[in-house]
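> Got a predicted structure here, sequence first:
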Amino acid sequence: MMLKAGIVGAGDWGKNLVRVFYQIRDVELAYCCDADGNRRKAVSQLFPGVCLTSRFEDILADASVQAVIIASSAITHYEFAKAALEAGKHVYVEKPLALSVAHAEEMVALADSKNLKLMVGHLLVYHPAVSHLRKMVESGELGEVFYIYSQRVNLGKIRQDENALWSFAPHDISVILHLLGQLPVSVSARGESYLREGVEDVVFVNMKFRDRKMAQLQLSWLDPHKIRKITIVGSKKMVVFDDVESTEKLKIFDKGVSGVSYESYGDSLTLRFGDINIPHINMTEPLRAECQHFVDCVLHDKQPMTGGNDGLRVVRIIEAAEHSMKHDGEPVRLPESLAAERT
Ligand SMILES: NC(=O)c1ccc[n+]([C@@H]2O[C@H](COP(=O)([O-])OP(=O)(O)OC[C@H]3O[C@@H](n4cnc5c(N)ncnc54)[C@H](O)[C@@H]3O)[C@@H](O)[C@H]2O)c1
């Protein structure tokens, strides 16, 4: 079985999706749409046989196209995904799914009503190191997960139509929800726009979960360091996922505190400084795994691991963080019914 697909957006990130979908054996990448002639030219030179267009409607008008991949700027996601679903196409959309909860809900409902796949590009969920982390959490190797913090900072691409929160947070939030299996009960955030009025370059987000769990994100494209790290502190072990490292992606610290007794507190605490273990991770390209997963879901009618509802949960948290950020960091509570929802 072959999947005939078209892609919109062949920019800095989209060109990677063009490459990967072009290489997948079960896919015929029939169209690539980009408003920018230079981007189209670059695709035509590298990927012969792909029909190039500046008009998204050209892809929708071809009834033989079954799936559309949306990798254009975030502000276009809702409009393009909605049009593609209405035209009866399965949709893969880059993160963030949409820029508001209302739009994301509408997309999920539309895909459901038409029985079409809607998948969001939460890339890190397909990262072999994150799969390893999830196994560690599920098997109890880390003990009780106490808190998680992530740092995603560099001196990098400064966007104008979305802030650092919408641009970076989907990565870390999707991983945190994947690991904890629950939504936060409250979210707060602070951010500042240093380079362009109204577009925050630096954002700090705090999330509070049930069972005393906490998570914090540091997001910035105005920073001297290039850091992409997630640290998880559990009652038995602590682990760091460093995605900038080329091979040693995970470091597991057999460190902790045991013997907490409230009768003679100070005396009974034992600090444990054990070994640092670097597990071998069989690295496969996360993007390839993600794109292949979308193809398999469409061809074999499976539920995507990062479906529309996962995209919606992430958008819900970011929207709450955005609200908090605009109100001086005031915490925003998410409905209890959502916090109880398994992710
Ligand atoms: N999963 C990841 O790791 C990851 C990494 C980077 C970016 N992204 C996401 O990918 C998307 C694109 O990011 P990017 O860095 O490639 O941005 P970009 O600005 O480099 O590329 C966007 C492309 O979309 C095209 N485009 C915009 N509006 C269009 C329209 N109406 N019709 C046709 N073409 C249009 C532009 O011409 C441009 O080539 C964003 O949603 C971003 O969040 C994901």
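Sure, I can see it.
> mind listing what whichever residue of the stretch 151-300 of the chain sits closest to the ligand touches?
Nearest residue of the stretch 151-300 of the chain to the ligand: Ser167, at 5.8 Å (CB to the nearest ligand atom). Yep, even glycine has a C-beta here, placed from its N, CA and C like the rest. Shown in contact with Ser167 (CB atoms under 8 Å, 6 or more residues apart in numbering): Ala74, Arg159, Leu219, Trp221.
> how far away is the first one from His103?
In this case it means Ala74. To His103, Ala74 is 11 Å away according to CB to CB, to the nearest Å.
> swap in Leu334?
As judged by CB to CB, Leu334 and His103 stand 18 Å apart.
> same check, this time on Pro304
Applying CB to CB to Pro304 and His103 gives a distance of 19 Å.
> Compare neighbour counts for those two and give me the winner.
Legend: neighbour count by other CB atoms under 10 Å for Pro304 and His103, higher for Pro304 (23 against 18).
> That one - nearest residue in space that isn't next to it in sequence?
Counting by CB to CB, 6 or more residues apart in numbering, the nearest residue to Pro304 once its immediate chain neighbours are dropped is Met119, at 3.9 Å.
> what does the stretch 201-343 of the chain have sitting close to the ligand?
Proximity of the stretch 201-343 of the chain to the ligand, by CB under 6 Å from any ligand atom, involves no residues.
> picking up where we left off before, which one of the contacts of Ser167 is nearest to Leu179?
Using CB to CB, Leu219 is the member of those that lies nearest Leu179, at 18.1 Å.
> part of a strand, is the closest one?
Yes: according to DSSP: H, G, I helix; E, B strand; the rest coil, Leu219 belongs to a strand.
> what sits against it?
Arg152, Val153, Ala164, Leu165, Ser167, Phe168, Ala169, Asp172, Val202, Val203, Phe204, Val205.
> CA atoms only: put the one helix or strand the fifth one maps to into PDB for me.
In this structure, Ser167 sits in helix 164-180 according to DSSP states H and E. Once side chains and other backbone atoms are set aside, the C-alpha atoms of helix 164-180 remain, and they are given as PDB (Å, rounded to 0.1, in the frame of the first residue of the first chain):
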ATOM      1  CA  ALA A 164       9.600  31.500  22.700                       C
ATOM      2  CA  LEU A 165       6.700  29.900  24.800                       C
ATOM      3  CA  TRP A 166       4.700  28.700  21.700                       C
ATOM      4  CA  SER A 167       7.800  27.900  19.800                       C
ATOM      5  CA  PHE A 168       9.800  25.800  22.400                       C
ATOM      6  CA  ALA A 169       7.400  24.700  25.100                       C
ATOM      7  CA  PRO A 170       5.600  22.000  23.000                       C
ATOM      8  CA  HIS A 171       8.800  20.000  23.100                       C
ATOM      9  CA  ASP A 172       9.200  19.900  26.900                       C
ATOM     10  CA  ILE A 173       5.500  19.800  27.800                       C
ATOM     11  CA  SER A 174       4.800  16.900  25.500                       C
ATOM     12  CA  VAL A 175       7.700  14.900  27.100                       C
ATOM     13  CA  ILE A 176       6.600  15.800  30.600                       C
ATOM     14  CA  LEU A 177       3.000  14.700  29.900                       C
ATOM     15  CA  HIS A 178       4.300  11.600  28.300                       C
ATOM     16  CA  LEU A 179       6.300  10.700  31.300                       C
ATOM     17  CA  LEU A 180       3.900  11.700  34.100                       C
END
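> Show residues contacting the helix or strand hosting Lys41.
Under the criterion of DSSP H and E, Lys41 resides in helix 37-46. If you take CB under 8 Å, 6+ apart as the criterion, helix 37-46 is touched by Ala10, Gly11, Gly14, Lys15, Val18, Arg19, Cys32, Asp34, Val50, Leu52, Thr53, Ser54.
> tell me which residues of the next helix or strand after that helix are tucked away?
Downstream of helix 37-46, the first helix or strand assigned by DSSP H and E is strand 51-53. For strand 51-53, a neighbour-count test (16 or more other CB atoms under 10 Å) marks Leu52, Thr53 as buried.
> Alright, calling it a day.
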